[in-house]
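In: using only what follows, build the 3D model:
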Amino acid sequence: MRVLLHHGLAYDDFAEVVKGVYAEVAREEAARLGKRATDSRVAIVTGLTRKEVRRLRDSVDADHRTISWGGANRATRVLSGWHRDADFTDAQGGPKELSLTDHDTGFPALVRRYSGDMPVSAMLDELERVRAVRRTRGAVRILKRAYVPEAGDIEGVRMLGSATHDLLDTIAYNLTRGADRPARFQRTVFDSRLDARMLPVFHRLAAEHAQKLLEILDDWLESHEVQAAGKESVDGRGIRAGLGVYVFHDPIDGAEEDTEKKR
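Out: Next comes the predicted model:
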(Lines give C-alpha, C1' and ligand atoms only; values in the text may rest on other atoms or scores of the structure.)
Protein backbone atom coordinates (compact mmCIF):
# COMPACT_ATOMS: atom_id res chain seq x y z
CA MET A 1 0.00 0.00 0.00
CA ARG A 2 2.92 2.31 0.75
CA VAL A 3 4.25 1.88 -2.79
CA LEU A 4 0.82 2.42 -4.36
CA LEU A 5 0.28 5.62 -2.38
CA HIS A 6 3.76 6.84 -3.28
CA HIS A 7 2.92 6.46 -6.97
CA GLY A 8 -0.52 8.06 -6.65
CA LEU A 9 -2.73 5.03 -7.25
CA ALA A 10 -6.24 5.74 -5.95
CA TYR A 11 -8.16 3.13 -3.98
CA ASP A 12 -10.85 2.77 -6.67
CA ASP A 13 -8.18 1.92 -9.25
CA PHE A 14 -6.57 -0.59 -6.89
CA ALA A 15 -9.95 -2.19 -6.13
CA GLU A 16 -10.67 -2.54 -9.85
CA VAL A 17 -7.39 -4.37 -10.40
CA VAL A 18 -8.10 -6.70 -7.47
CA LYS A 19 -11.57 -7.49 -8.80
CA GLY A 20 -10.14 -8.43 -12.17
CA VAL A 21 -7.44 -10.67 -10.74
CA TYR A 22 -9.91 -12.26 -8.31
CA ALA A 23 -12.23 -13.20 -11.16
CA GLU A 24 -9.38 -14.41 -13.33
CA VAL A 25 -7.95 -16.69 -10.65
CA ALA A 26 -11.42 -18.09 -10.01
CA ARG A 27 -11.64 -19.03 -13.69
CA GLU A 28 -8.20 -20.62 -13.61
CA GLU A 29 -9.09 -22.66 -10.52
CA ALA A 30 -12.31 -23.87 -12.11
CA ALA A 31 -10.44 -24.96 -15.22
CA ARG A 32 -7.79 -26.71 -13.12
CA LEU A 33 -10.50 -28.72 -11.38
CA GLY A 34 -12.06 -29.67 -14.71
CA LYS A 35 -15.13 -27.49 -14.28
CA ARG A 36 -16.66 -24.96 -16.67
CA ALA A 37 -15.49 -21.45 -15.80
CA THR A 38 -18.83 -19.79 -16.45
CA ASP A 39 -19.64 -16.26 -15.33
CA SER A 40 -22.19 -17.69 -12.91
CA ARG A 41 -19.65 -20.01 -11.26
CA VAL A 42 -17.09 -17.19 -10.96
CA ALA A 43 -19.74 -14.89 -9.48
CA ILE A 44 -20.70 -17.50 -6.88
CA VAL A 45 -17.16 -18.19 -5.63
CA THR A 46 -15.98 -14.56 -5.68
CA GLY A 47 -19.07 -12.77 -4.43
CA LEU A 48 -19.05 -10.48 -7.46
CA THR A 49 -22.17 -9.99 -9.56
CA ARG A 50 -22.45 -11.73 -12.91
CA LYS A 51 -22.54 -8.31 -14.56
CA GLU A 52 -19.20 -7.39 -12.94
CA VAL A 53 -17.67 -10.73 -13.88
CA ARG A 54 -18.77 -10.33 -17.50
CA ARG A 55 -17.44 -6.75 -17.67
CA LEU A 56 -14.10 -7.77 -16.16
CA ARG A 57 -13.78 -10.69 -18.54
CA ASP A 58 -14.44 -8.46 -21.53
CA SER A 59 -11.87 -5.90 -20.42
CA VAL A 60 -9.01 -8.24 -19.50
CA ASP A 61 -5.66 -6.91 -20.67
CA ALA A 62 -3.51 -9.90 -21.64
CA ASP A 63 -0.28 -7.95 -21.08
CA HIS A 64 -0.12 -8.77 -17.37
CA ARG A 65 -0.06 -12.49 -18.19
CA THR A 66 3.53 -12.30 -19.40
CA ILE A 67 6.03 -14.06 -17.15
CA SER A 68 8.63 -11.32 -17.17
CA TRP A 69 8.72 -7.58 -16.92
CA GLY A 70 9.97 -6.68 -20.35
CA GLY A 71 13.15 -4.64 -20.38
CA ALA A 72 14.30 -5.81 -16.99
CA ASN A 73 14.37 -9.43 -18.08
CA ARG A 74 16.27 -8.60 -21.28
CA ALA A 75 18.73 -6.40 -19.41
CA THR A 76 19.37 -9.14 -16.87
CA ARG A 77 20.10 -11.63 -19.64
CA VAL A 78 22.54 -9.23 -21.31
CA LEU A 79 24.43 -8.61 -18.05
CA SER A 80 24.54 -12.31 -17.23
CA GLY A 81 25.69 -13.27 -20.71
CA TRP A 82 28.41 -10.64 -20.52
CA HIS A 83 29.81 -12.38 -17.45
CA ARG A 84 29.62 -16.00 -18.57
CA ASP A 85 29.78 -16.14 -22.38
CA ALA A 86 33.34 -16.92 -23.53
CA ASP A 87 32.86 -14.63 -26.55
CA PHE A 88 32.55 -11.63 -24.25
CA THR A 89 34.93 -12.53 -21.40
CA ASP A 90 38.71 -12.23 -21.10
CA ALA A 91 41.35 -14.87 -20.37
CA GLN A 92 40.60 -14.64 -16.64
CA GLY A 93 36.88 -15.17 -17.22
CA GLY A 94 35.88 -11.59 -16.46
CA PRO A 95 33.65 -9.43 -18.70
CA LYS A 96 35.60 -7.59 -21.39
CA GLU A 97 35.22 -3.96 -22.37
CA LEU A 98 33.17 -4.16 -25.57
CA SER A 99 33.27 -2.08 -28.72
CA LEU A 100 30.12 -0.14 -29.53
CA THR A 101 30.66 -0.49 -33.28
CA ASP A 102 31.85 -4.09 -33.66
CA HIS A 103 28.76 -6.07 -34.68
CA ASP A 104 30.56 -9.41 -34.57
CA THR A 105 32.25 -9.44 -31.14
CA GLY A 106 31.24 -6.15 -29.54
CA PHE A 107 28.28 -4.82 -27.57
CA PRO A 108 25.86 -5.03 -30.53
CA ALA A 109 26.63 -8.76 -30.82
CA LEU A 110 26.03 -9.25 -27.10
CA VAL A 111 22.67 -7.47 -27.23
CA ARG A 112 21.60 -9.38 -30.34
CA ARG A 113 22.46 -12.71 -28.71
CA TYR A 114 20.81 -12.11 -25.34
CA SER A 115 17.95 -9.67 -25.92
CA GLY A 116 16.59 -10.62 -29.32
CA ASP A 117 15.20 -7.69 -31.28
CA MET A 118 15.85 -5.01 -28.64
CA PRO A 119 17.62 -2.02 -30.28
CA VAL A 120 21.24 -1.75 -29.16
CA SER A 121 20.89 1.96 -28.36
CA ALA A 122 17.81 1.32 -26.19
CA MET A 123 19.59 -1.42 -24.22
CA LEU A 124 22.66 0.76 -23.75
CA ASP A 125 20.53 3.67 -22.52
CA GLU A 126 18.70 1.43 -20.06
CA LEU A 127 21.89 -0.11 -18.65
CA GLU A 128 23.41 3.33 -18.31
CA ARG A 129 20.29 4.61 -16.60
CA VAL A 130 20.54 1.99 -13.85
CA ARG A 131 24.32 2.51 -13.69
CA ALA A 132 25.17 -1.03 -14.74
CA VAL A 133 27.57 0.10 -17.50
CA ARG A 134 29.74 3.08 -18.40
CA ARG A 135 30.71 4.30 -21.86
CA THR A 136 34.35 4.85 -22.64
CA ARG A 137 35.90 6.08 -25.90
CA GLY A 138 34.04 4.03 -28.52
CA ALA A 139 33.39 1.19 -26.09
CA VAL A 140 31.34 0.24 -23.04
CA ARG A 141 32.46 -1.22 -19.71
CA ILE A 142 30.27 -3.23 -17.35
CA LEU A 143 30.03 -2.03 -13.75
CA LYS A 144 27.81 -4.67 -12.15
CA ARG A 145 26.09 -7.93 -12.98
CA ALA A 146 22.74 -7.23 -11.36
CA TYR A 147 19.96 -5.14 -12.92
CA VAL A 148 18.73 -2.93 -10.06
CA PRO A 149 16.55 0.11 -10.89
CA GLU A 150 17.01 3.28 -8.84
CA ALA A 151 14.65 4.11 -5.99
CA GLY A 152 11.33 5.44 -7.29
CA ASP A 153 11.93 3.98 -10.77
CA ILE A 154 8.72 2.73 -12.39
CA GLU A 155 10.65 -0.33 -13.61
CA GLY A 156 11.17 -1.19 -9.95
CA VAL A 157 7.40 -1.24 -9.48
CA ARG A 158 7.09 -3.81 -12.26
CA MET A 159 9.80 -5.87 -10.61
CA LEU A 160 7.90 -5.59 -7.32
CA GLY A 161 4.88 -7.17 -8.96
CA SER A 162 6.89 -10.01 -10.48
CA ALA A 163 8.94 -10.77 -7.34
CA THR A 164 5.89 -10.59 -5.08
CA HIS A 165 4.01 -12.94 -7.39
CA ASP A 166 6.81 -15.50 -7.26
CA LEU A 167 7.09 -15.44 -3.45
CA LEU A 168 3.34 -15.62 -2.85
CA ASP A 169 2.93 -18.33 -5.48
CA THR A 170 5.48 -20.49 -3.64
CA ILE A 171 3.78 -19.89 -0.28
CA ALA A 172 0.35 -20.63 -1.80
CA TYR A 173 1.66 -23.84 -3.37
CA ASN A 174 3.13 -25.03 -0.08
CA LEU A 175 -0.12 -24.27 1.75
CA THR A 176 -2.40 -26.01 -0.75
CA ARG A 177 -0.28 -28.86 -2.16
CA GLY A 178 -1.36 -32.43 -1.56
CA ALA A 179 0.54 -34.69 0.83
CA ASP A 180 1.95 -36.60 -2.14
CA ARG A 181 3.56 -33.50 -3.68
CA PRO A 182 6.96 -32.23 -2.45
CA ALA A 183 7.14 -28.73 -1.00
CA ARG A 184 9.07 -25.97 -2.71
CA PHE A 185 12.10 -24.67 -0.82
CA GLN A 186 11.05 -21.78 1.42
CA ARG A 187 13.24 -20.70 4.32
CA THR A 188 13.81 -17.57 6.40
CA VAL A 189 16.57 -16.68 8.85
CA PHE A 190 16.22 -13.81 11.31
CA ASP A 191 17.02 -12.61 14.80
CA SER A 192 14.79 -10.37 16.92
CA ARG A 193 17.64 -9.01 19.05
CA LEU A 194 20.16 -7.84 16.46
CA ASP A 195 22.16 -4.78 17.47
CA ALA A 196 20.88 -2.06 15.11
CA ARG A 197 24.44 -0.78 14.70
CA MET A 198 25.28 -4.04 12.92
CA LEU A 199 22.68 -3.55 10.16
CA PRO A 200 25.21 -2.16 7.63
CA VAL A 201 27.45 -5.18 8.25
CA PHE A 202 24.49 -7.53 7.84
CA HIS A 203 23.52 -5.84 4.57
CA ARG A 204 27.02 -6.24 3.17
CA LEU A 205 27.34 -9.85 4.37
CA ALA A 206 23.95 -10.85 2.96
CA ALA A 207 24.56 -9.12 -0.36
CA GLU A 208 27.99 -10.68 -0.80
CA HIS A 209 26.96 -14.27 -0.08
CA ALA A 210 23.56 -14.05 -1.77
CA GLN A 211 25.09 -12.61 -4.94
CA LYS A 212 27.58 -15.47 -5.12
CA LEU A 213 24.79 -18.02 -4.74
CA LEU A 214 22.63 -16.32 -7.36
CA GLU A 215 25.49 -16.21 -9.85
CA ILE A 216 26.18 -19.93 -9.34
CA LEU A 217 22.51 -20.77 -9.91
CA ASP A 218 22.27 -18.35 -12.82
CA ASP A 219 25.12 -20.14 -14.58
CA TRP A 220 23.57 -23.55 -13.82
CA LEU A 221 20.15 -22.52 -15.13
CA GLU A 222 21.65 -21.14 -18.32
CA SER A 223 23.60 -24.33 -18.95
CA HIS A 224 20.41 -26.40 -18.68
CA GLU A 225 18.15 -24.34 -20.94
CA VAL A 226 16.15 -26.35 -23.47
CA GLN A 227 17.57 -24.55 -26.52
CA ALA A 228 21.06 -24.02 -25.13
CA ALA A 229 21.48 -27.68 -24.16
CA GLY A 230 19.75 -29.02 -27.26
CA LYS A 231 17.32 -31.01 -25.12
CA GLU A 232 13.57 -31.16 -24.74
CA SER A 233 11.56 -31.02 -21.55
CA VAL A 234 8.61 -33.30 -20.82
CA ASP A 235 6.20 -31.28 -22.94
CA GLY A 236 8.76 -30.06 -25.47
CA ARG A 237 9.06 -26.61 -23.91
CA GLY A 238 11.19 -25.01 -21.23
CA ILE A 239 9.74 -24.07 -17.85
CA ARG A 240 10.34 -20.96 -15.75
CA ALA A 241 12.21 -21.66 -12.51
CA GLY A 242 14.43 -19.66 -10.19
CA LEU A 243 15.31 -18.52 -6.69
CA GLY A 244 14.59 -15.19 -5.02
CA VAL A 245 16.60 -13.70 -2.14
CA TYR A 246 15.76 -10.58 -0.13
CA VAL A 247 16.81 -8.79 3.06
CA PHE A 248 14.31 -7.54 5.63
CA HIS A 249 14.46 -5.65 8.90
CA ASP A 250 12.18 -3.43 10.95
CA PRO A 251 12.97 0.19 11.84
CA ILE A 252 13.62 0.62 15.56
CA ASP A 253 13.44 4.17 16.96
CA GLY A 254 14.95 5.65 13.81
CA ALA A 255 17.85 3.19 13.83
CA GLU A 256 17.11 2.17 10.25
CA GLU A 257 17.59 5.67 8.90
CA ASP A 258 20.77 6.27 10.90
CA THR A 259 22.44 3.03 9.94
CA GLU A 260 21.40 3.26 6.29
CA LYS A 261 23.19 6.62 5.98
CA LYS A 262 26.42 4.97 7.13
CA ARG A 263 26.34 2.22 4.48
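
In: quick one: pLDDT of A75?
Out: A75 is assigned 84 on the pLDDT scale.

In: quick check, it in contact with R145.
Out: No. Using C-beta atoms under 8 Å, A75 makes no contact with R145, being 11.0 Å away. All C-beta atoms are positioned from the backbone trio N, CA, C, and that covers glycine.

In: more neighbours: which of these two?
Out: A75 (25 against 17; other C-beta atoms under 10 Å).

In: okay, and the more buried one sits in which element?
Out: Applying DSSP states H and E as the criterion places A75 in helix 71-84.

In: any idea how far that helix is from the middle of the chain?
Out: 12 Å (C-alpha atoms, centre = their mean, to the nearest Å).

In: what helices or strands is that helix leaning on?
Out: Other helices and strands packing on helix 71-84, by 3 or more C-beta pairs under 8 Å, 6 or more residues apart in numbering; DSSP states H and E, are helix 107-115, helix 120-129, strand 139-142, helix 154-176, helix 199-223.

In: any idea which helix or strand comes after it?
Out: strand 98-99.

In: list the strands paired with that next one, with their directions.
Out: Strand 98-99 pairs in its sheet with strand 139-142 (antiparallel), by DSSP bridges.

In: I would like the residues contacting the partner strand, please.
Out: Strand 139-142 has contacts (C-beta atoms under 8 Å, 6 or more residues apart in numbering) with 79, 82-83, 95, 97-100, 106-107, 124, 132-135.

In: pick out whichever of those sits closest to E208.
Out: H83 (16.4 Å; C-beta to C-beta).

In: surely that closest one meets P95?
Out: Yes. In this structure H83 lies within contact range of P95 using C-beta under 8 Å: 5.3 Å.

In: these two - which one has more neighbours?
Out: Ranked by neighbour count (other C-beta under 10 Å), H83 and P95 place P95 first, with 20 against 17.

In: quick one, what contacts the more buried one?
Out: W82, H83, F88, T89, I142 are the contacts of P95 under C-beta under 8 Å, 6+ apart.

In: at 10 Å instead, please
Out: By C-beta atoms under 10 Å, 6 or more residues apart in numbering, P95 lies in contact with 79, 81-85, 88-89, 110, 133, 141-143, 145.

In: likewise for A15?
Out: Here A15 is in contact with no residue (C-beta under 10 Å, 6+ apart).

In: thanks again, I'm all set now.
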